[in-house]
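Participant: Sequence and predicted structure, then a few things I'm wondering about:
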Amino acid sequence: MFKNVRLLVFLPTFLVLSGGIVASFIDLDSFLKTVTAINSYLLANCAWFLSGMSLMMVITALIVYLSPLGKVRIGGNDAAPLLSLRQLFSITLCTTIAVGALFWATAEPLYHLHSPPASLGIDANSSQAKLFAMGNIFLEWGITPYAIYGIPSILFAILFYNYKTPFSVTSLFYPILGDRLGNGNSALRQLIDSLCLFALVAGMASSLGTGSITLAGALKQIFPPLEGYSTITLGAVMFAIVISFALSAVSGLKKGIARLSSINTWIMLGTIIFVFVFGPTVLILNFGIESFGYYANNFFKLSLFTGAAANDPWPGWWPVFYWAVWFAWAPITCLFLGRLLKGYTVRTSMIMIIVLPALFSMTWMTILGTTAMEVDSATGNSLNALLNSSGIDAVLYETFKSLPISGIMIVVLFVVGFLNYVTAADSSTDAISNLCTSGVFSENVESDISLRQKIVWACIIGLTAFIMVNYTGLKGVKMLANLGGFPAALICTVAMIALLKLVFLASRAEAEQKSPIELPKL
């Protein structure tokens with residue numbers, strides 16, 4: 001197992017994460033107080049950077065799509081696609097939305113509806129608050145996060161397949177630093193990869209923990225005698241998830257991840273069609289269109305809202321926090337998504353990994369969010385009271401209880417949540433294992449050379465999550481995961497600049513009348 005391991009990638013992440021867990025055991029209060037202070041300082045002083053770069057990612061995506069670079073085929077003019085377009089879309093959707101969008105779709109609109117930012121002068125539970133709630137949902141779960149994922153993914157795909165760079169996050173720096181980066185096992189490459197690896201592993205552990213709590217809540221709905229949040233139930237849920245994504249990961253890309261993603265996409269599609277048909281259909285259509293208009297009209301205002309003028313902490317709790325989370329996952333996610341784009345043009349790739357998933361996510365949020373707000377309004381704000389007393393999972397299940405065959409649909413929701421996390425964890429484990437392995441290049445990326453590493457990482461993530469949920473409530477690891485967003489945002493900024501350099505090179509190649517466009521040497 002350790003024959004081809006990049007030790008400078010593997011060991012720092014393992015030691016730092018373990019050290020954080022040990023520190024939280026020794027003195028949890030001091031540990032959380034210190035990490036929380038650092039996290040709060042960064043949110044307060046770096047909100048401008050995260051908000052500004054999130055907007056720049058969207059603008060860059062538009063520039064790339066319209067530029068001659070959009071015509072470039074990833075892998076060369078004769079490259080054959082690794083996956084079908086349908087497989088590419090379903091994998092992107094399921095490995096990025098994960099379990100979060102499922103449960104936040106009904107809960108987050110209620111938070112914004114009943115507690116809008118004071119500095120904007122919006123009255124709670126008003127018509128303006130409803131529009132703000134859904135507009136902000138579109139911002140946080142729509143085109144912006146997919147642009148944050150998509151820009152480094154497109155760049156990595158071009159560099160990995162067209163320029164034959166190593167399977168490394170630092171390959172994103174190649175258009176700027178060139179051969180000064182060294183080979184795939186240089187100390188600089190490994191240390192930067194290790195930083196990104198830490199952010200992702202900590203994030204996966206915290207996500208597994210919160211996801212397991214939520215799924216345990218679903219089990220309590222399905223089987224009332226169960227203690228939904230007991231150690232045994234949580235352990236069983238985590239064990240099932242870890243076993244599932246470990247088996248899927250070792251099955252390979254096409255047999256494991258692609259099949260799970262395809263099944264999950266169809267179930268998710270069926271779920272939103274069901275809610276659309278049996279929920280407040282006309283209201284969903286009318287309010288969805290109106291909310292999109294609000295979002296489009298206020299896009300720049302919402303994107304750059306930091307709360308500085310009125311000293312309002314609200315943006316740090318919501319959009320700025322989300323930007324930190326999306327950026328934290330982006331450098332590693334780009335390794336997985338980027339390797340899937342072989343054989344497609346940049347423009348087609350952007351449609352499949354940015355535009356279509358964002359449209360699906362916004363549709364998902366519109367249908368479930370509108371339904372939840374309507375149920376809340378019709379029942380005297382009962383869902384908001386439930387949200388404050390029982391958490392986000394209770395709101396989701398209570399919303400579905402207002403629809404027909406709610407018992408069956410709650411089971412479906414459990415399956416969707418389970419598969420969403422498995423596919424997201426599956427893809428991340430795949431990228432983690434390849435990142436920790438030397439000798440991964442475009443010629444052998446389709447081979448599963450790290451099966452034992454995938455199993456080891458699955459066990460480490462599962463064990464970390466189980467310990468933190470039962471003994472620290474995930475507070476420590478979640479903070480550590482959030483801190484990864486700031487250095488990751490710097491990496492994504494470099495990736496954005498590097499991709500714009502490729503736009504310039506492609507434009508120059510087209511001006512020289514090269515058809516089809518071939519990228520020159522960097």
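Facilitator: Yes, it's here.
Participant: Would you agree residue 362 falls within a helix?
Facilitator: Yes. Secondary structure of residue 362, determined by DSSP: H, G, I helix; E, B strand; the rest coil: located in a helix.
Participant: Which pLDDT value does the model give the residue lying closest to it once chain neighbours are set aside?
Facilitator: The shortest distance from residue 362 to any residue that is not its chain neighbour, by C-beta to C-beta, 6 or more residues apart in numbering, is 4.7 Å, and that residue is residue 142. In short, each C-beta sits where N, CA and C put it, glycine included. Among the per-residue scores, residue 142 shows a pLDDT of 97.
Participant: Distance of residue 142 relative to residue 303?
Facilitator: 11 Å (C-beta to C-beta, to the nearest Å).
Participant: higher neighbour count, these two?
Facilitator: Set side by side, residue 142 and residue 303 give different neighbour counts by other C-beta atoms under 10 Å, the larger being at residue 142 (21 against 17).
Participant: State the phi and psi torsions of the closest residue in space to residue 435 that isn't next to it in sequence.
Facilitator: Nearest non-adjacent residue to residue 435, counting by C-beta to C-beta, 6+ apart: residue 193, 5.6 Å away. The phi and psi values for residue 193, taken as degrees, to the nearest 10, are phi -60, psi -40.
Participant: In contact with residue 193, which residues?
Facilitator: Applying C-beta atoms under 8 Å, 6 or more residues apart in numbering, we find residue 193 in contact with 6, 9, 168, 169, 170, 435.
Participant: please redo it, this time with the cut-off set to 10 Å
Facilitator: 6, 8-10, 12-13, 166-171, 184, 331-332, 335, 435-436 (C-beta atoms under 10 Å, 6 or more residues apart in numbering).
Participant: hang on, isn't residue 508 packed against residue 67?
Facilitator: No. Applying C-beta atoms under 10 Å, one finds residue 508 not in contact with residue 67, separated by 11.2 Å.
Participant: Compare those two and say which is more crowded by neighbours.
Facilitator: Neighbour totals were compared for residue 508 and residue 67, and residue 67 leads with 20 against 13 (other C-beta under 10 Å).
Participant: are any of the contacts of residue 193 buried, and which?
Facilitator: Restricting the contacts of residue 193 to buried positions leaves 6, 8-10, 12-13, 166-171, 184, 331-332, 335, 435-436, with burial counted as 16 or more other C-beta atoms under 10 Å.
Participant: Give the buried residues for stretch 67-84.
Facilitator: In stretch 67-84, residues buried by neighbour count (16+ other C-beta under 10 Å) are 67-75, 79, 81-83.
Participant: For it, measure first residue to last.
Facilitator: Stretch 67-84 has an end-to-end distance of 24 Å (C-alpha to C-alpha, to the nearest Å).
Participant: pLDDT of it, averaged?
Facilitator: Per-residue scores along stretch 67-84 average to 93.
Participant: Now find how far off-centre it is within its chain.
Facilitator: A distance of 25 Å separates the C-alpha centroid of stretch 67-84 from that of its chain, computed with C-alpha atoms, centre = their mean, to the nearest Å.
Participant: can you check stretch 19-33 too?
Facilitator: Computed by C-alpha atoms, centre = their mean, the chain-centroid distance of stretch 19-33 equals 27 Å.
Participant: Quick one: mean pLDDT over it.
Facilitator: Model confidence over stretch 19-33, given as mean pLDDT, is 72.
Participant: By mean pLDDT, flag the weakest helix or strand of the chain.
Facilitator: Using mean pLDDT, DSSP states H and E, helix 475-483 stands out as the lowest-scoring helix or strand of the chain, at a mean of 59.
Participant: before we move on, back to that, now the residue nearest to residue 362: how far from residue 365?
Facilitator: Computed as C-beta to C-beta, the residue 142 to residue 365 distance reads 8 Å.
Participant: So for residue 459, what's the pLDDT?
Facilitator: Spelled out, the predicted local distance difference test score at residue 459 is 78.
Participant: Work out for me the element it sits within.
Facilitator: Per DSSP states H and E: residue 459 is located in helix 451-471.
Participant: What of residue 167?
Facilitator: With elements delineated by DSSP H and E, residue 167 resides in a region that no helix or strand encompasses.
Participant: I'd guessed it sits against residue 160; true?
Facilitator: Yes. The pair residue 167 and residue 160 passes the contact test of C-beta under 10 Å, sitting 6.8 Å apart.
Participant: so what's residue 177 up against?
Facilitator: If a contact means C-beta under 10 Å, 6+ apart, then residue 177 has 170, 188, 494, 498, 522 as its contacts.
Participant: Can you list the buried residues in the helix or strand containing it?
Facilitator: Secondary structure here is read from DSSP H and E; on that basis residue 177 sits in helix 174-177. Buried residues in helix 174-177, counting neighbours by 16+ other C-beta under 10 Å, are found at 174, 175.
Participant: tell me the mean pLDDT for it?
Facilitator: In this model, helix 174-177 carries a mean pLDDT of 90.
Participant: CA atoms only for it, dumped as PDB, please.
Facilitator: Extracted in PDB, the C-alpha atoms of helix 174-177 (Å, rounded to 0.1, in the frame of the first residue of the first chain):
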ATOM      1  CA  TYR A 174       1.600  25.300 -14.200                       C
ATOM      2  CA  PRO A 175       0.500  28.000 -16.700                       C
ATOM      3  CA  ILE A 176       2.000  30.600 -14.400                       C
ATOM      4  CA  LEU A 177       5.000  28.900 -12.800                       C
END
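Participant: In terms of helix, strand or coil, where does the most centrally placed residue in the chain fall?
Facilitator: Ranked by distance to the mean C-alpha position of the chain (C-alpha atoms, centre = their mean), the top residue is residue 96 at 4.3 Å. Reducing the assignment to helix, strand or coil with three-state DSSP, the entry for residue 96 is helix.
Participant: Verify the contact between it and residue 325 for me.
Facilitator: No. With contact defined as C-beta under 10 Å, residue 96 does not count as touching residue 325 (11.9 Å).
Participant: where does the stretch 101-250 of the chain have low pLDDT?
Facilitator: Applying pLDDT under 70 to the stretch 101-250 of the chain picks out residues 182-184, 199, 202-204, 206-207, 210, 226-230, 245-246, 248-250.
Participant: Quick check: the closest residue to residue 304 other than its chain neighbours vs residue 120, distance?
Facilitator: Distance criterion C-beta to C-beta, 6+ apart; nearest residue to residue 304, sequence neighbours excluded, is residue 51 at 5.3 Å. As defined by C-beta to C-beta, residue 51 lies at a distance of 15 Å from residue 120.
Participant: and the two? which has more neighbours close in?
Facilitator: The residue with more neighbours, out of residue 51 and residue 120 and counting by other C-beta under 10 Å, is residue 51; that gives 19 against 16.
Participant: Thanks a lot, catch you later.
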